[in-house]
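**Q** coordinates only, sequence not included:
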């Protein structure tokens, strides 16, 4: 079984050099990395994001490629799925069970959620409380194919007004 070969204990996004440096500085020897480069233990690829995500993944040790059709939007969620896959394999959850679990999850908490009305597709992502997550959500809107798009930004009390203006300007340009 694929999961029985992974016996490591610390999980992190292997494409993030800062996390790798932190693990090395702390002499953490038992790690599981996930990300998009072939050097990771769990290797993923975003296949589609229009608006729902389709991702593929494999392990470094096995060439078998798995494809998951999710019920979430937001390309920024791909890394979260890869983390869940890594943890699932660590606990000997089969790839089929992992895929089924991710495919079966439909958000109802207004996070990366899709709602369809008679005339519109609404992406509900109401909790982007920092500039990085807000920019990622706007980038996601940018790549979705649609004839018309509109974005409603609420008040973010913990973001400076100038920062919000810059996010808006970068998205419009």
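**A** Cool, the structure landed. From a predicted model like this one, the values you see are computed outputs, not experimental measurements.
**Q** rest of the way, CA atoms for contacts and neighbours
**A** Fine.
**Q** ranges for the helices of this structure?
**A** Remark: helices assigned in the chain by DSSP state H are 17-25, 78-90, 95-104, 131-143, 161-172.
**Q** okay, the ones you listed, which one's buried deepest?
**A** helix 78-90 (a mean of 21; mean count of other Cα atoms under 10 Å).
**Q** Could you name the helices and strands sitting against that one?
**A** For helix 78-90, the elements it packs on are strand 10-13, strand 31-35, strand 42-49, strand 52-59, helix 95-104, judged by 3 or more Cα pairs under 8 Å, 6 or more residues apart in numbering; DSSP states H and E.
**Q** What strands line up against the shortest one, and which way round?
**A** Pointing back at strand 10-13 there. strand 31-35 (parallel) (DSSP bridges).
**Q** Now do the partner strand against strand 42-49: the angle between them, please.
**A** 20 degrees (axes from the mean of the first three to the mean of the last three Cα atoms, to 10 degrees).
**Q** can you list contacts of strand 31-35?
**A** 6, 8-15, 40-44, 79, 82-83, 86 (Cα atoms under 8 Å, 6 or more residues apart in numbering).
**Q** Quick one, which of those are buried?
**A** Among the contacts of strand 31-35, those buried by neighbour count (16 or more other Cα atoms under 10 Å) are 6, 11-15, 40-44, 79, 82-83, 86.
**Q** returning to what we had before: please produce JSON lines containing the helices of the chain, extended by distance to residue 117 and mean pLDDT.
**A** Output for the helices of the chain, formatted as JSON lines (distance: least, Cα to Cα, whole Å; pLDDT from 0 to 100):
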{"stretch": "helix 17-25", "distance to residue 117": "42", "mean pLDDT": "90"}
{"stretch": "helix 78-90", "distance to residue 117": "26", "mean pLDDT": "95"}
{"stretch": "helix 95-104", "distance to residue 117": "22", "mean pLDDT": "97"}
{"stretch": "helix 131-143", "distance to residue 117": "18", "mean pLDDT": "78"}
{"stretch": "helix 161-172", "distance to residue 117": "25", "mean pLDDT": "56"}
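**Q** Please convert these to JSON lines, extending it with distance to residue 48.
**A** What follows is the helices of the chain, written out as JSON lines (distance: least, Cα to Cα, whole Å):
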{"stretch": "helix 17-25", "distance to residue 48": "26"}
{"stretch": "helix 78-90", "distance to residue 48": "10"}
{"stretch": "helix 95-104", "distance to residue 48": "14"}
{"stretch": "helix 131-143", "distance to residue 48": "10"}
{"stretch": "helix 161-172", "distance to residue 48": "21"}
